[in-house]
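# Okay, here's the prediction I keep looking at, along with the sequence it came from:
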Amino acid sequence: MAHSVNTTPLLQEVDSSDNENDILENTDVVIRDNKPLFKSAEPKDKYYMAYLIFYLLGMVTLLPWNFFITADDYWLYKFRNISNNDTYSVSKRTPLQTCFTSYISVASAVPNLVFLVLNTALTHRISLHKRVIGSLIVMLGLFIMTLVFVTTNTDKWQDTFFIVTITTIVLLNVCSAVLSGSIFGVVGRFCPIYITATLGGQALGGIFAALAEIASLSIGASSVHSAFVYFLIGNLTILSSIICYVILTKSVFFKFHLYERTIAQNEFENELLRPRIIEHKMILKKIWTHGLSMFMVFAITLSVYPSVTVLVESEGKGQGRIWNDVYFVPTIAYLLFSVGDYLGRILAGRIQKPKKGYILLILSTARFVFIPLLMLCNAQPRSHWAVVFDHDYEYITILFLCALSNGYLANITAICAPRVVESHEKETASSMMTVFMGIGLALGSGISLYMVKLL
């Protein structure tokens, strides 16, 4: 059998116009591979430092929401009727006491959504470090100001204090949006366990806030003292996150994933360093099912949580038992939901199924069933819907399944979305997912105002 042999001398000049076809015919194999010949070894995350710091940063992204929404007793005290010292009577609440939780939801969701969108657009114009450090420093300053107001007598200027507080919440959620979009954008470059850590940190923040409230109730602390502890812890947490993030950015592990550049021979360097265009429309086309799934998860949840769930009373309320009268709402409405949400996110990080976007979308949409189920629980006062699930165990089961599915589907969509895009598109894709989440939060918060009126 005859074999073709390339007899062209290695150093001989060849006229490409005359001999192009001849060269192609005489070459056994032609290789065109844009992948580098060598790739640097991935460094280890020593002592799981990066993992723990992403957990902390995840907590901080929702810290304003968790701390402000949980300090319910403090807001009741600040906006009480000072003429007769009526602080906690539900039947005699002032307009500010009645509506403040709803105002928190709106003041949190709207700026959060706007700046999640802006953060996605500015991802490649403002450096990651400026966005993260800047938002954390401003957030710390606002929490320090809030801490000062805790010890300030605002009885004679409640309306002004209300405006200042709502403005503070808006600014805090602007910072939260920038921080969240930036963190979720960069964590998309890491393996899924770091996405799970960040999302788990968000859920853990809710658990932390709920435990703080329960602890303050158990020791009989006043509303002002409890709030002082809340916001002092918030300040210390933010300060710690700034220090930890700076430490993280100095680590080899973080730099490897953030500035990953493959090592190749000189002839590949120009190709590797060529600018890569980010096309938002193409990325959106790849992840739209995951994004819509994320949107449905949070829109459905925020429609009834915490606006409706916080109104659900124990079947034994008014019988003189401290569990039913004092601990039921903070333990079930806040702590149980946060625990279920946290477990769901952890399970999603371990199982990571299903992965197809359309299946996730179907499952997320199916969660709509939790809206009527929770509306039919013993939420008071009510004038339209009848109470169907009047036993505590029925409400607890429904709420826990709602929380578990919320955490699971939120995490699995966040994990799968970066996998369907190219490597250089991962950060933008993850930032887009936070935008879908923000839209869901905003819409759900708006709907919640009407769900309460429908009870």
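Arrived safely, thanks for sending. Numbers count the residues shown, from 1 in each chain.
# Please count neighbours and contacts with C-alpha atoms only from this point.
Will do.
# Just the buried residues of stretch 96-113, please?
Buried residues in stretch 96-113, defined by neighbour count with 16 or more other Cα atoms under 10 Å: 96-97, 100-113.
# I would like the residues contacting stretch 248-258, please.
42, 43, 44, 45, 49, 50, 53, 186, 189, 190 (Cα atoms under 8 Å, 6 or more residues apart in numbering).
# Near the first one, how many other residues are there?
I take that to be residue 42. Residues within reach of residue 42, counting by other Cα atoms under 10 Å, total 11.
# so which pair among the buried residues of stretch 96-113 is furthest apart in space?
The largest separation in those, counting by Cα to Cα, is between 97 and 113 at 25.8 Å.
# Run through the chain and note the low-pLDDT ranges.
Counting by pLDDT under 70, the chain contains low-confidence residues at 1-41, 84-93, 98, 120-124, 221, 260-278.
# Please repeat the previous calculation with a cut-off of 50.
Judged by pLDDT under 50, the chain has its weakly predicted residues at 1-39, 90-91, 261-274.
# Helices of the stretch 51-200 of the chain, residue ranges please.
Under the criterion DSSP state H, counting those that start in this stretch, helices of the stretch 51-200 of the chain are mapped to 63-70, 72-78, 95-121, 128-150, 158-187, 192-218.
# again, but for the stretch 251-400 of the chain
Counting by DSSP H, counting those that start in this stretch, the stretch 251-400 of the chain forms helices over residues 252-258, 266-272, 280-304, 322, 328, 337-351, 357-366, 370-375, 392-416, given from the N-terminal end onward.
# thinking again about what came up before, just the buried subset of the contacts of stretch 248-258, please.
The buried subset of the contacts of stretch 248-258 (16+ other Cα under 10 Å) comprises 50, 53, 186, 189, 190.
# my read: residue 395 touches residue 377, true?
Yes: in terms of Cα atoms under 8 Å, residue 395 counts as a neighbour of residue 377; the distance is 6.1 Å.
# Same list (the helices of the stretch 51-200 of the chain) but as a markdown table, adding distance to residue 307.
Supplementary listing: the helices of the stretch 51-200 of the chain in a markdown table, determined by distance: least, Cα to Cα, whole Å:
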| stretch | distance to residue 307 |
| --- | --- |
| helix 63-70 | 10 |
| helix 72-78 | 12 |
| helix 95-121 | 7 |
| helix 128-150 | 24 |
| helix 158-187 | 18 |
| helix 192-218 | 15 |
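# and of these, who's closest to residue 245?
For residue 245, the closest of these is helix 128-150, at 8.2 Å, according to Cα to Cα.
# Name the residues of that closest one that come out as buried.
Judged by neighbour count using 16+ other Cα under 10 Å, the buried positions of helix 128-150 are 128, 131-133, 135-136, 139-140, 142-144, 146-147, 150.
# If you count contacts, what does that helix end up packed against?
Contacting helix 128-150 under the criterion 3 or more Cα pairs under 8 Å, 6 or more residues apart in numbering; DSSP states H and E are the following elements: helix 158-187, helix 223-250.
# Please state the offset of the shortest one from the chain centre?
Meaning helix 223-250. Here helix 223-250 shows a centroid-to-chain-centroid distance of 18 Å under the convention Cα atoms, centre = their mean, to the nearest Å.
# How about the first one?
Averaging C-alpha positions (Cα atoms, centre = their mean) puts helix 158-187 13 Å from its chain's average.
# packing partners for it?
helix 49-61, helix 63-70, helix 95-121, helix 128-150, helix 192-218, helix 426-454.
# quick check: angle from that helix to helix 392-416?
In terms of direction (axes from the mean of the first three to the mean of the last three Cα atoms, to 10 degrees), helix 158-187 departs from helix 392-416 by 50 degrees.
# Next, the buried residues of helix 158-187.
By neighbour count, with 16+ other Cα under 10 Å as the criterion, the buried positions of helix 158-187 are 158, 161-162, 165-166, 168-187.
# Using PDB, write down the CA coordinates of stretch 215-235.
Once side chains and other backbone atoms are set aside, the C-alpha atoms of stretch 215-235 remain, and they are given as PDB (Å, rounded to 0.1, in the frame of the first residue of the first chain):
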ATOM      1  CA  ALA A 215     -33.800  35.700  71.800                       C
ATOM      2  CA  SER A 216     -34.800  39.300  72.600                       C
ATOM      3  CA  LEU A 217     -38.400  38.200  73.400                       C
ATOM      4  CA  SER A 218     -37.100  35.400  75.700                       C
ATOM      5  CA  ILE A 219     -35.000  37.800  77.900                       C
ATOM      6  CA  GLY A 220     -37.800  40.400  78.100                       C
ATOM      7  CA  ALA A 221     -35.800  43.100  76.400                       C
ATOM      8  CA  SER A 222     -37.600  46.300  75.500                       C
ATOM      9  CA  SER A 223     -38.300  47.200  71.800                       C
ATOM     10  CA  VAL A 224     -35.600  49.900  71.800                       C
ATOM     11  CA  HIS A 225     -32.900  47.600  73.400                       C
ATOM     12  CA  SER A 226     -33.800  44.800  71.000                       C
ATOM     13  CA  ALA A 227     -33.500  47.200  68.000                       C
ATOM     14  CA  PHE A 228     -30.200  48.500  69.300                       C
ATOM     15  CA  VAL A 229     -28.900  44.900  69.400                       C
ATOM     16  CA  TYR A 230     -30.200  44.200  65.900                       C
ATOM     17  CA  PHE A 231     -28.600  47.200  64.300                       C
ATOM     18  CA  LEU A 232     -25.400  46.900  66.300                       C
ATOM     19  CA  ILE A 233     -25.000  43.300  65.000                       C
ATOM     20  CA  GLY A 234     -25.800  44.500  61.500                       C
ATOM     21  CA  ASN A 235     -23.000  47.100  61.700                       C
END
